[in-house]
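Asks: Predicted coordinates and the sequence they were generated for:
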Amino acid sequence: MRVGVLGSGGVATTLASGFLKHGHEVLLGSRTPEKLRDWASANPEGKIGNFADAAAFGQVIVLAVKGSAAWEALRRAGEENLGGKVVIDSCNPIADAPPANGVLRFFTSINESLMEQLQMQFGDARLVKAFNSVGSAFMVDPDFEGVRPTMFICGNDADAKKTVTSILDEFGWEAADMGSAESARAIEPLCMLWCLPGFLRNEWTHAFKLLKK
Ligand SMILES: NC(=O)c1ccc[n+]([C@@H]2O[C@H](COP(=O)([O-])OP(=O)(O)OC[C@H]3O[C@@H](n4cnc5c(N)ncnc54)[C@H](OP(=O)(O)O)[C@@H]3O)[C@@H](O)[C@H]2O)c1
């Protein structure tokens, strides 16, 4: 698969390297591609460019930018480069204000989500929320002593969710489909929960697992 990754932070570079590791072609994009030189040196088979280059290249797109910049990043990627494509949305709507007793502050409220806003604005893209509820260190091939952690996903397009489920499977995750874009109202705040042990006790080495019987 050709994967276009939007972003230059830890999530974008980790997922971009993960896709290469799992045999996919990758173009990593930033507003300033010079920022990506280190990643390009460490990943010579990967390509770099701007957001539009990444979106045009990808059959699947990964959106991994600051939550408040997600709309702007997709706008720069170009609606014409997103139409019909699976867009994996890893973004969280984290506000600039500091956490309150370890609880991150969001710029959205409980009956709305960033993903729904993006899906409304970019109606032809097939957004799937994924990779937002774990630290970047565990996104690719996490080692929890043989236990596959659960990645909660949601989105309006069933085929897009199938594609993301198979990517998660390759990356060592079990996907749990939580429904349509509205379900991002529940999945985005999981990042608050994931970060709490980190902010309170400096514990950052966990992942969620959904138990079923
Ligand atoms: N860090 C984690 O472990 C983690 C885990 C799960 C989910 N997330 C979520 O994943 C996303 C990426 O996180 P991150 O820590 O890797 O990076 P980040 O520091 O949150 O974001 C950096 C990215 O945001 C882009 N950006 C900033 N302002 C912009 C603007 N005005 N217009 C367009 N793009 C802009 C930057 O683009 P340029 O490259 O052009 O500068 C850069 O690619 C976030 O939404 C975060 O909440 C993070």
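Replies: Here it is on my side, so go on.
Asks: Please determine how far residue 4 is located from the ligand.
Replies: 13 Å (CB to the nearest ligand atom, to the nearest Å). Heads up, the C-betas are built off the backbone N, CA and C, glycines and all.
Asks: change the start of the numbering to 56 and stick with it
Replies: Okay, residue one is now 56; in that scheme the one you just asked about reads as residue 59.
Asks: give me every residue that touches that residue.
Replies: 81-82, 84, 108-113, 115-117, 132 (CB atoms under 8 Å, 6 or more residues apart in numbering).
Asks: The residues you listed, buried ones only, as a ChimeraX selection?
Replies: Applying 16 or more other CB atoms under 10 Å to the contacts of residue 59, the buried members can be selected in ChimeraX as follows:
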select :81,82,84,108,109,110,111,112,113,115,116,117,132
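Asks: List the ones among the contacts of residue 59 that fall in helices.
Replies: 108, 109, 110, 111, 112, 132 (DSSP state H).
Asks: Determine which two of these are furthest apart.
Replies: Spatial extent of the ones in helices among the contacts of residue 59 (CB to CB) is set by the pair 112 and 132 at 10.6 Å.
Asks: Just the pLDDT at the residue in the chain that the ligand sits nearest to, thanks.
Replies: At 2.5 Å from the ligand, residue 64 is the closest residue in the chain, using CB to the nearest ligand atom. What the model reports as pLDDT for residue 64 is 98.
Asks: and it, what is it in contact with?
Replies: Listed by CB under 8 Å, 6+ apart, the contact set of residue 64 reads 119, 120, 121.
Asks: 10 Å instead?
Replies: By CB atoms under 10 Å, 6 or more residues apart in numbering, the residues touching residue 64 are 85, 90, 119, 120, 121, 191.
Asks: swap in residue 109?
Replies: 58-62, 67, 71, 81-85, 88, 102-103, 116-118, 128, 131-132, 136.
Asks: cutoff 6 Å now
Replies: Contact analysis of residue 109 by CB atoms under 6 Å, 6 or more residues apart in numbering lists 59, 60, 61, 82, 84.
Asks: Could you give me the buried positions within the helix or strand containing residue 247?
Replies: Residue 247 belongs to helix 245-256 when assigned by DSSP states H and E. Within helix 245-256, the residues scored as buried using 16+ other CB under 10 Å are 245, 246, 247, 249, 250, 251, 254.
Asks: go on, stretch 145-153?
Replies: In stretch 145-153, counting by 16+ other CB under 10 Å, buried: 145, 146, 147, 148, 149.
Asks: Is it possible to get CSV of those that adds distance to residue 180 and pLDDT?
Replies: Compiled in CSV, these are given as follows (distance: CB to CB, whole Å; pLDDT from 0 to 100):
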residue, distance to residue 180, pLDDT
145, 14, 99
146, 13, 99
147, 18, 99
148, 18, 99
149, 22, 98
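Asks: List just the nearest of those to residue 97.
Replies: residue 145 (20.6 Å).
Asks: Quick check: nearest residue in space to that closest one, chain neighbours excluded?
Replies: residue 186 (4.1 Å; CB to CB, 6 or more residues apart in numbering).
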